[in-house]
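**Q** Got a predicted model here, sequence first, then my questions.
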Amino acid sequence: MSIRVTCTGCHKRFNVSEKYAGKEGPCPACDKMIQIPSLEEEVVIHAPADAGPVDTEGRSVLQPITRTETNLSGVHWTLIAVSILGFFIGAILLRFMVEDKSAFPPAYLAIGAFFVALPTTFSGYAFLRNQELSGFVGKPLAYRMLFCSAAYTVLWAALPLMKYAFAGNDFGASLSAVVAMLALGAAVAFYLLDFDYLTGLMHYGMYLGVCLIGRWLVGVGALPGMDESTTAPTTTTISYLIDGGFPFNGFMFLG
């Protein structure tokens with residue numbers, strides 16, 4: 001153990017062995033005689049005392065809280081991308097397999113809506129959650145994603161019932177049904193994923209965006225139970241796209 005000494009003449013600092021404690025000797029820099037402090041005079045800085053409970057040896061029994069990251073790995077992102085891409089490819093194949101879109105099996109749409117909900121909710125949660133806070137991991141995360149995906153799918157499929165609840169077939173009833181669906185979807189994300197309401201709305205909106213693209217690729221109506229009179233893209237549609245606009249073919253908007 002060494003003793004930290006400061007020369008009173010040149011103010012140079014150096015360490016000396018504890019065997020010289022309490023003795024006098026020359027400074028190695030300026031040769032001024034200085035007094036080496038004794039061990040009793042040495043200043044020792046202690047860490048602040050722990051105010052929490054301690055064991056019989058005086059050690060704290062409290063364990064520090066560590067934050068667990070929920071960032072998805074490259075493998076997770078790859079699986080998510082492959083799942084969503086597979087959903088789009090399946091939608092394109094179904095477009096050519098089913099000629100009569102008015103008789104399109106609703107079960108196919110429901111299965112597709114749930115299939116794409118899982119990767120979309122996972123990726124949306126990793127992207128939108130507050131990175132400063134500890135997120136859900138392991139089984140709690142998996143269960144919440146599963147319940148969230150199921151709830152999103154049910155709300156998407158129940159849109160015709162919401163429209164019927166507003167008693168009308170006009171634009172106002174359709175708009176009210178869509179607003180109700182978005183509000184309920186945001187509420188699901190609020191309670192299951194601990195999002196604030198606006199972030200929950202964005203999370204459900206990501207899912208809806210993927211579903212809308214899927215319905216357009218299949219060639220059915222823009223929204224479940226609503227305008228079902230869409231047709232496959234034609235040469236005229238492609239020409240219009242090249243000219244800088246988007247056709248209202250199912251759900252696309254003017255550019």
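**A** Structure received. Numbers count the residues shown, from 1 in each chain.
**Q** which residues in this protein form helices?
**A** Along the chain, the segments classed as helices by DSSP state H run 74-97, 106-128, 138-157, 159-165, 171-193, 197-218, 235-242.
**Q** and the third one with helix 197-218, angle?
**A** Calculated by axes from the mean of the first three to the mean of the last three C-alpha atoms, to 10 degrees, helix 138-157 forms an angle of 60 degrees with helix 197-218.
**Q** avg pLDDT for helix 138-157?
**A** Average pLDDT, helix 138-157: 89.
**Q** how about that helix: buried residues?
**A** Neighbour counts over helix 138-157 (16 or more other C-beta atoms under 10 Å) mark 141, 144-145, 148-149, 151-153, 155-157 as buried. Quick note: C-beta positions are derived from backbone N, CA and C, even for glycine.
**Q** before we move on, the earlier item: would you format the helices of the chain as a markdown table with distance to residue 3 included?
**A** Converted to a markdown table, those look like this (distance: least, C-beta to C-beta, whole Å):
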| stretch | distance to residue 3 |
| --- | --- |
| helix 74-97 | 54 |
| helix 106-128 | 55 |
| helix 138-157 | 53 |
| helix 159-165 | 80 |
| helix 171-193 | 59 |
| helix 197-218 | 59 |
| helix 235-242 | 82 |
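**Q** which of those helices has the lowest average pLDDT?
**A** helix 235-242 - the lowest mean pLDDT of the helices of the chain, at a mean of 41.
**Q** domain parsing for this structure?
**A** Structural domains annotated on the chain: 2-41, 74-242, as defined by automatic domain parsing.
**Q** Off-centre distance for the first one?
**A** Averaging C-alpha positions (C-alpha atoms, centre = their mean, to the nearest Å) puts domain 2-41 59 Å from its chain's average.
**Q** residue furthest from the geometric center of this protein?
**A** Relative to the centre of the chain, and counting by C-alpha atoms, centre = their mean, the farthest-placed residue is residue 33 at 66.7 Å.
**Q** how much space between that one and residue 108?
**A** Between residue 33 and residue 108 the computed distance is 97 Å (C-beta to C-beta, to the nearest Å).
**Q** again with residue 20
**A** Distance from residue 20 to residue 108, counting by C-beta to C-beta: 89 Å.
**Q** quick one on the thing from earlier: of the helices of the chain, give the one that comes closest to residue 10.
**A** Closest to residue 10 of these is helix 74-97 (C-beta to C-beta; 59.1 Å).
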